[in-house]
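Q: I'd like to go over a predicted model; first the sequence, then the structure.
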Amino acid sequence: MLEPIALIARDPLWLAHRYDPKHDAVHFRRTLRRDHDAATFITDEHLGGEGERMVLRRAEVMPVVPPGKLHFILHSAFCASTLLARAMDVPGASMGLKEPMVLNDIIGWRHRGGEARSVAGALGDALALLARPFGPGEAVVVKPSNVVNALAPAMLAMRPEARAVLLYAPLPVFLGSVARKGMWGRLWVRDLLGKQLRDGLIDLGFGPEDYLGLTDLQVAAVGWLAQQALFARLIERHGARVRSLDSEVLTARPHETLAAVAGLFGLALDADAVVAGVFGRDAKLGTAFAPGQRAAQVVADAGLHADELEKVAAWAEAVARNAGVNMVPGAGLLG
């Protein structure tokens with residue numbers, strides 16, 4: 001009979017939920033597959049306050065963690081990434097994990113000055129815990145929060161068998177989404193910019209004082225450009241292991257896109273069945289989602305904020321040209 005620690009370490013239903021660097025401990029939370037489906041993200045806010053929990057030291061757990069196949073959906077936010085992660089929940093083929101907090105904890109630790117070697121060790125072990133298969137032969141597809149993108153080079157290096165979709169919304173769509181979210185969207189892009197600066201992701205020719213003079217949507221564009229530059233570096237370094245995907249292609253051509261994702265990740269899934277089961281509901285709210293609804297929202301956003309969006313988009317294109325950043329990262333999933 002397995003010891004209690006081994007039972008938890010081997011069972012993917014014990015989600016590796018949080019990481020405590022002070023005690024080098026992993027907080028596990030019992031999370032059934034149906035709980036994953038019901039939650040927008042696998043955070044306490046969306047999972048609720050109840051649930052079985054266990055805290056174990058990392059050194060006790062890792063020797064008995066089983067191997068697993070792991071792939072990634074890396075994204076620039078507001079680009080249907082939650083929808084794609086939901087589409088990876090296909091029993092017998094794969095399981096999608098939506099923004100696991102354990103990875104946020106690790107990037108947060110790095111931001112607070114965590115020593116690089118220790119951060120790397122915790123990251124590698126967190127990925128191994130997230131990769132535990134939910135069923136025989138299943139792969140796990142992790143969609144980290146985009147604040148974790150700075151760790152993407154390390155994650156792909158640590159998991160040489162892993163592949164990644166680099167999902168992004170075109171700049172006008174991204175800016176429209178930020179504008180639609182009002183004050184909270186604008187605060188979010190400023191918070192993201194601060195983290196990207198700490199991670200050394202931004203090299204667009206600005207001085208530190210220049211950021212204070214930018215409007216909220218200019219800040220959003222800077223963060224978007226930094227992620228496009230990161231995606232281009234990942235493509236250059238990892239070649240066929242990574243492919244970019246435009247969010248509007250995903251929603252307009254879901255059958256082709258899912259078939260291509262399945263090919264990239266080596267998954268045996270029925271793309272038509274997945275589209276029928278997942279694409280008819282809002283990925284975050286669970287409500288009915290009609291074909292063309294996202295495109296209609298994009299048009300509405302553009303009309304409501306047209307003057308500001310047009311000016312910021314033109315400004316961002318000039319910044320991108322000067323910094324040598326491509327607005328489209330290349331290596332498209334659909335060619």
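A: Yep, that arrived.

Q: so who does the nearest residue to Ala271 once chain neighbours are set aside touch?
A: Spatial nearest neighbour of Ala271, chain neighbours left out: Leu258 (3.9 Å); criterion: Cβ to Cβ, 6 or more residues apart in numbering. (Each C-beta comes from the backbone N, C-alpha and C, glycine too.) The neighbourhood of Leu258, defined by Cβ atoms under 8 Å, 6 or more residues apart in numbering, consists of Ala87, Leu269, Ala271, Val274, Val275.

Q: Next, Leu258: secondary structure please.
A: With DSSP: H, G, I helix; E, B strand; the rest coil as the basis, the three-state label of Leu258 is helix.

Q: before we move on, which element is Leu15 in?
A: According to DSSP states H and E, Leu15 maps onto strand 14-20.

Q: average model confidence for that strand?
A: The average pLDDT for strand 14-20 rounds to 98.

Q: and if you look at stretch 178-186?
A: What stretch 178-186 shows for mean pLDDT is 93.

Q: What residues does Ala16 make contact with?
A: Contacts of Ala16 were listed using Cβ under 8 Å, 6+ apart, and they are Val26, Phe28, Pro100, Val102, Ala126, Leu129, Leu130.

Q: Would you mind listing the buried residues in the helix or strand hosting the fourth one?
A: Here Val102, judged by DSSP H and E, is contained in helix 101-111. For helix 101-111, the buried set under the neighbour-count rule, 16 or more other Cβ atoms under 10 Å, comprises Met101, Val102, Leu103, Asn104, Asp105, Ile106, Ile107, Gly108, Trp109, Arg110.

Q: Between strand 14-20 and that helix, find me the angle.
A: Using axes from the mean of the first three to the mean of the last three Cα atoms, to 10 degrees, the direction of helix 101-111 lies 20 degrees away from that of strand 14-20.

Q: which other residues reach helix 101-111?
A: Around helix 101-111, the neighbours that count as contacts under Cβ under 8 Å, 6+ apart are 16-21, 26, 42-44, 116, 119, 122-123, 126, 129-130, 142, 144-145, 147-148, 150-151, 195, 198-199.

Q: redo that, cut-off 6 Å
A: When contacts are taken as Cβ atoms under 6 Å, 6 or more residues apart in numbering, the neighbours of helix 101-111 outside the stretch itself are 16-19, 21, 43, 119, 122-123, 126, 144-145, 148, 151, 198.

Q: the strands in the stretch 101-250 of the chain, which residues?
A: Counting by DSSP state E, counting those that start in this stretch, the stretch 101-250 of the chain has these strands, from start to end: 139-143, 164-168, 242-246.

Q: residue contacts, Ala260?
A: Leu333, Leu334.

Q: pLDDT wise, what is it at?
A: In the prediction, the pLDDT value recorded for Ala260 is 97.

Q: what about it, distance to Ile8?
A: Taking Cβ to Cβ, to the nearest Å as the measure, Ala260 and Ile8 are separated by 36 Å.

Q: Look up how far Asp24 lies from Trp109.
A: On the measure of Cβ to Cβ, Trp109 and Asp24 end up 11 Å apart.

Q: Hmm, Leu97 and Lys142 touching each other?
A: One correction, residue 142 is Val, not Lys. Yes - using Cβ atoms under 6 Å as the test, Val142 is close enough to Leu97 to be in contact (4.8 Å).

Q: per-residue confidence at Val319?
A: Looking at Val319, the pLDDT reads 98.

Q: Please name the residues that touch it.
A: Each residue near Val319 by Cβ under 6 Å, 6+ apart is listed here: Leu204.

Q: isn't there a strand covering it?
A: No - under three-state DSSP, Val319 sits outside any strand and is assigned helix.

Q: now the helices for the stretch 1-150 of the chain?
A: Counting by DSSP state H, counting those that start in this stretch, the stretch 1-150 of the chain has helices at residues 4-10, 33-38, 44-47, 58-61, 81-87, 101-111, 116-130.

Q: Minimum distance to Leu212: which of those helices has it?
A: Nearest of the helices of the stretch 1-150 of the chain to Leu212, taken as Cβ to Cβ: helix 101-111 at 20.5 Å.

Q: what's the average pLDDT for the closest one?
A: Across helix 101-111, the average pLDDT comes to 98.

Q: go on, stretch 149-157?
A: In the prediction, stretch 149-157 has an average pLDDT of 98.

Q: As CSV, could you dump the C-alpha coordinates of it?
A: Backbone C-alpha positions of stretch 149-157 (Å, rounded to 0.1, in the frame of the first residue of the first chain) are rendered in CSV as follows:
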residue,chain,number,x,y,z
ASN,A,149,5.6,34.4,-19.8
ALA,A,150,9.0,35.5,-18.6
LEU,A,151,9.6,31.9,-17.4
ALA,A,152,8.7,30.5,-20.9
PRO,A,153,12.3,30.1,-22.1
ALA,A,154,13.1,28.2,-18.9
MET,A,155,10.0,26.1,-19.1
LEU,A,156,10.6,25.0,-22.6
ALA,A,157,14.3,24.3,-21.8
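
Q: residues contacting Arg18?
A: His27, Met101, Val102, Asp105.

Q: Please identify which of the residues you listed is nearest to Leu187.
A: Leu187 lies nearest to Met101 out of the contacts of Arg18, by Cβ to Cβ, at 20.2 Å.
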